[in-house]
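Student: I would like the atomic coordinates for the input below:
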Amino acid sequence: MSVQQLREHITSTLERYFPDVPVYVEGEKPQTAYFHPGLISATLDRQREGRYLAVYRFGIHFEQGNLLAAERMADKLSEAMAGMEQDGGAFRVVRQAWEAGTEGHGPLFTVDYMLYLQNDKPDSIKMGQMIGGERLK
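Tutor: Numbers count the residues shown, from 1 in each chain. Below is the predicted model:
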């Protein structure tokens, strides 16, 4: 699953769990309270045998909304994002956090998703597998 697919999955989950709150990705910002999801960071960590572990941290801002409504929404957001894992995603939720808004910005909900990636390189020939005629690289 690519970062773009994960973003689309987050957007569709927000639209399904919060049908009355628009999700802003690009274009003109809504005049009412809205969600604004975005990738905060991506970490790739090499594991054994050509496997890589990717951790994507997404942030979901709740802009122009009532602070009390945002606090009540935190639990439902947590359920919605964790529910994505059961919807057949190839990733799992590692950590979730809710931060109060700052001057000019609404509250921020962050979610870390973990995903194992396979190395695209074909397996190299190992010494014990050489039959004859192969060259070491």
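Student: what bridges to residue 95?
Tutor: Beta-bridge partners recorded for residue 95 (DSSP bridges): residue 112.
Student: any idea of the pLDDT on it?
Tutor: Here the pLDDT value assigned to residue 95 is 89.
Student: wait, doesn't it sit right on residue 113?
Tutor: No. The pair residue 95 and residue 113 fails to qualify as a contact (Cβ atoms under 8 Å) at a distance of 9.4 Å. The C-beta positions use only the backbone N, C-alpha and C, and glycine is treated the same way.
Student: now for the residue nearest to residue 94 when sequence neighbours are not counted: which residues touch it?
Tutor: Spatial nearest neighbour of residue 94, chain neighbours left out: residue 112 (4.3 Å); criterion: Cβ to Cβ, 6 or more residues apart in numbering. Residue 112 is in contact with 55-57, 93-96, counting by Cβ atoms under 8 Å, 6 or more residues apart in numbering.
Student: ok, now with 7 Å
Tutor: By Cβ atoms under 7 Å, 6 or more residues apart in numbering, residue 112 lies in contact with 55, 57, 94-95.
Student: same deal with residue 53?
Tutor: 45, 47, 114, 116.
Student: return the set of buried residues in the host helix or strand of residue 79.
Tutor: In the assignment (DSSP states H and E), residue 79 maps to helix 67-86. Neighbour-count burial for helix 67-86 flags 70, 73-74, 77-78, 80-81, 84 (criterion: 16 or more other Cβ atoms under 10 Å).
Student: check which helices and strands that helix sits against.
Tutor: Under the contact definition 3 or more Cβ pairs under 7 Å, 6 or more residues apart in numbering; DSSP states H and E, helix 67-86 sits against helix 3-17, strand 51-63, strand 92-99, strand 108-118.
Student: between those, which gets nearest to residue 32?
Tutor: Evaluated with Cβ to Cβ, these place strand 51-63 nearest to residue 32, the distance being 9.7 Å.
Student: give me the sheet partners of the closest one and which way each runs.
Tutor: According to DSSP bridges, strand 51-63 forms sheet pairs with strand 34-46 (antiparallel), strand 108-118 (antiparallel).
Student: tabulate the ones you listed in JSON lines, adding columns for distance to residue 24 and mean pLDDT.
Tutor: Compiled in JSON lines, the strands paired with strand 51-63 are given as follows (distance: least, Cβ to Cβ, whole Å; pLDDT from 0 to 100):
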{"stretch": "strand 34-46", "distance to residue 24": "5", "mean pLDDT": "88"}
{"stretch": "strand 108-118", "distance to residue 24": "14", "mean pLDDT": "82"}
